[in-house]
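Peer 1: with the input below, show me the fold.
(chains A and B)
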2 protein chains.
Amino acid sequence: MKWIHGGVTAPKGFSAAAYAAGIKKKKLDVALLVSDCNASIAGAFTTNLVKAAPVVWDQHIVEQHIQVKAIVINSGNANACTGKQGELDTESMATTVAKTIGCAVDEVLVCSTGVIGVPLPMSKIHNGITECAAALGSDSVHAEQAALAICTTDTFVKQASVEFEIDGIPVRIGGMAKGSGMIHPNMATMLAFITTDAAIDQTLLQTMLGNSVKESYNMISVDGDTSTNDTVLVMANGCSESPRIVEGSREAEIFHTAFTAVHTELAKLIVKDGEGAGKFIQVDVIGAPDDDSARLLARSVISSNLVKAAFFGADANWGRILCAMGYSGGTFDPGAVTVGYASPAGSITVLQDGLPLPFDEALAKLILQENEITVTAKVGNDTGKATAWGCDLTYEYVRINGDYRS
Amino acid sequence: MKWIHGGVTAPKGFSAAAYAAGIKKKKLDVALLVSDCNASIAGAFTTNLVKAAPVVWDQHIVEQHIQVKAIVINSGNANACTGKQGELDTESMATTVAKTIGCAVDEVLVCSTGVIGVPLPMSKIHNGITECAAALGSDSVHAEQAALAICTTDTFVKQASVEFEIDGIPVRIGGMAKGSGMIHPNMATMLAFITTDAAIDQTLLQTMLGNSVKESYNMISVDGDTSTNDTVLVMANGCSESPRIVEGSREAEIFHTAFTAVHTELAKLIVKDGEGAGKFIQVDVIGAPDDDSARLLARSVISSNLVKAAFFGADANWGRILCAMGYSGGTFDPGAVTVGYASPAGSITVLQDGLPLPFDEALAKLILQENEITVTAKVGNDTGKATAWGCDLTYEYVRINGDYRS
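Peer 2: Here you go, the predicted structure:
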């Protein structure tokens, strides 16, 4: 597997376009992603009880196992808390895409992100869709523009693509995402779109997506606040002409590794773009009874305000890490925990088998003043492990989230 | 029921003392609370898997339904993550108290709060206990000094006491607590101690405590971080000579109301002392299917960083409130939610039946710039309701928690 450039149009048979339709001020705000032929679809959606209209639309399509042709995305307005009108507007977006590119309405998925509680400006959006459909292209510039059009408070475009071989035939997976780690202003949102020219059934793709999401987006700290619009969509169109990937095969394993790598890379980019975030923190939990327990522990650590504030202050406060694992719901023996910090400045162990070690405070400070830090918590001698990514809690976080609407 | 002064020595048959034993620098740091006769005991403890040694000691006593005589508390050191030595030190504290006041070792409860991972300075503590035992008194000055001695980062002493009648005989409940709302520096901690001269069985008292904790301490925002030492202990010694309170009686109801009032008052004082907190926020959820659902929703709102940062910025961001309820795990129909804000500056409704209302932004700002604000979320037409209390997320919070150990 090698990392390549190209984003969502890197795999064969996908084209994209973006347009500044006027939902945001003079910025790209409508993106269209089209597959030449029908594609298998898989999706993962917010577990929030409050779901935006497009989430409900997409969930329905994914549940029906329908092959799809396109995804349309607008930024600047989340179409959330918009009642019946919101549902009609979502369907109307799909209808316009279907007419313009020539497919069925239920072959079009819809995503929206931005402010909530405001009806979509539909004439602008229809115009944006028409312009996009006329400008589709499959080079990397088109992919980049689409990746830009889905952004809201993001400070950089997030793309990842890989190439690997199935039976000697090159296969690609490409992706783009939006979202900025610590902040979900007005609750909107994390979106990710993945394309692949592999041939794979919807059911297997959906299973793999569930597993990959657990190890990627679900392991980044996002305030603990899951939004109304969080969506991950995957289209697999088979255009590579590689053999169909079937469950339990070696090819399925190869694909899954590459697939998870793309999701994980996008998730890490989201964390790194956390506005107000000063440091990128990785939490490795090892030695847990199983991976699920390890995930609970790692996520609890990276989500704790006290842990995050300690990283802001470059404070080797292992007590807060132990404490966050303690209330995580995961099981471990506190008397068996060893905690250490590492960064380009060095590494240090501060807790061994549940008891504090005397340590060099000056070295700890140097390690924790770096911008990328790894905490390792060994919680036992079993094989369960997990990694979570997050950032520190800063003045900037409070400022941005206090001021957002004003 | 009327509010009175006097703290933990307000009920008959309790005496207290405090001493500056040198665990903290020149501040009161050991407190002793003694009942003249044996008292029924009830306790509620941290659910954190990582428990300090005294928590384990107290839990064991409470589980044995043993009548007790005294509680000893030290601040400045939490005796947490101290291994086998920590257990021995806890027992040693109980032994010293037992010898000094003349009771059995398992009639003495022990609490510690302060820094973690450091062994207790036992000779200082033994000396402090001896000094306290020699200075016991039952006036309000002794109660106040004890309340001061249990403080760590608290900026004021927290006490509450009430008087009411059982069968025409005056009965009192007194309490003291420590903890500062948003902050648990080095994880330590919320402690509360309640005394009453009512006569009541251990089993009934324990049941009542469980219910009261659900409505008081469990409804305040404490970072989401539960500590290694959180403890609530209740002693009921029957010295009022009022009739014994039995389950299901009207007297039990009267007692429970007063008991919960004292716990709730202490919980609110803890929130108000949140260092770095600028505003006191009350969240009322009404119309839920049941009280437990309402509690889930209210707690999720008051715990959300995004909601708290919006209060800091005086931003009427109802979307974040709706979103926090959406991921709470509680059930409700988002289309039936009405949200309003109230403070001394006025009141305003911003969301009605799930749809945004146009509202006066200037008035909303005035309301949200006050120091005490109530949010009401009506989530349906059922009778379930709950109230949660918390504070805003401020620069100060980040500063204090980033700098704590340095």
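Peer 1: please count neighbours and contacts with C-alpha atoms only from this point.
Peer 2: Will do.
Peer 1: all helices of the stretch 101-250 of chain A, in order?
Peer 2: Applying DSSP state H, counting those that start in this stretch to the stretch 101-250 of chain A gives helices spanning A:122-134, A:140-149, A:202-215, A:250-272.
Peer 1: hmm, I was thinking of the stretch 251-400 of chain A
Peer 2: A:291-303, A:305-312, A:318-326, A:361-368, A:395-403.
Peer 1: any chance of CSV for the ones you listed, columns mean neighbour count and mean pLDDT?
Peer 2: CSV is the format used below for the helices of the stretch 251-400 of chain A (neighbours: other CA atoms under 10 Å in any protein chain shown; pLDDT from 0 to 100):
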stretch, mean neighbour count, mean pLDDT
helix A:291-303, 26, 92
helix A:305-312, 27, 86
helix A:318-326, 27, 89
helix A:361-368, 18, 94
helix A:395-403, 21, 71
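Peer 1: re the thing from before, need the winner for burial among the helices of the stretch 101-250 of chain A.
Peer 2: helix A:140-149 (a mean of 23; mean count of other CA atoms under 10 Å in any protein chain shown).
Peer 1: can I get the helices of the stretch 101-250 of chain A in CSV with distance to chain B?
Peer 2: Shown next, in CSV, are the helices of the stretch 101-250 of chain A (distance: least, CA to the nearest CA, whole Å):
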stretch, distance to chain B
helix A:122-134, 19
helix A:140-149, 23
helix A:202-215, 17
helix A:250-272, 17
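Peer 1: now those helices in CSV, with distance to residue B:252 and mean pLDDT?
Peer 2: Formatted as CSV, the helices of the stretch 101-250 of chain A follow (distance: least, CA to CA, whole Å; pLDDT from 0 to 100):
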stretch, distance to residue B:252, mean pLDDT
helix A:122-134, 62, 98
helix A:140-149, 64, 98
helix A:202-215, 49, 95
helix A:250-272, 53, 95
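Peer 1: including distance to residue B:18, could those helices go into CSV?
Peer 2: As requested, the helices of the stretch 101-250 of chain A are arranged in CSV below (distance: least, CA to CA, whole Å):
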stretch, distance to residue B:18
helix A:122-134, 70
helix A:140-149, 64
helix A:202-215, 52
helix A:250-272, 49
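Peer 1: ok, which of those helices comes nearest residue B:214?
Peer 2: For residue B:214, the closest of these is helix A:202-215, at 32.2 Å, according to CA to CA.
Peer 1: and that closest one, what other elements does it pack with?
Peer 2: Secondary-structure packing of helix A:202-215 (3 or more CA pairs under 8 Å, 6 or more residues apart in numbering or on different chains; DSSP states H and E): strand A:30-45, helix A:250-272.
Peer 1: other SSEs contacting the longest one?
Peer 2: I take that to be helix A:250-272. With contacts defined as 3+ CA pairs under 8 Å, 6+ apart, the packing partners of helix A:250-272 are strand A:158-166, strand A:169-178, helix A:202-215, strand A:384-391.
Peer 1: hang on, the earlier thing: now the helices of the stretch 251-400 of chain A as TSV including distance to chain B?
Peer 2: Formatted as TSV, the helices of the stretch 251-400 of chain A follow (distance: least, CA to the nearest CA, whole Å):
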stretch	distance to chain B
helix A:291-303	10
helix A:305-312	5
helix A:318-326	4
helix A:361-368	10
helix A:395-403	4
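Peer 1: now what about stretch A:195-210, what contacts it?
Peer 2: For stretch A:195-210, the external contacting residues (CA atoms under 8 Å, 6 or more residues apart in numbering or on different chains) are A:8-9, A:11-14, A:40-44, A:65, A:171-175, A:234-247, A:256.
Peer 1: quick check: domain ranges of chain A?
Peer 2: Under the assignment automatic domain parsing, the domains of chain A span A:2-272, A:280-403.
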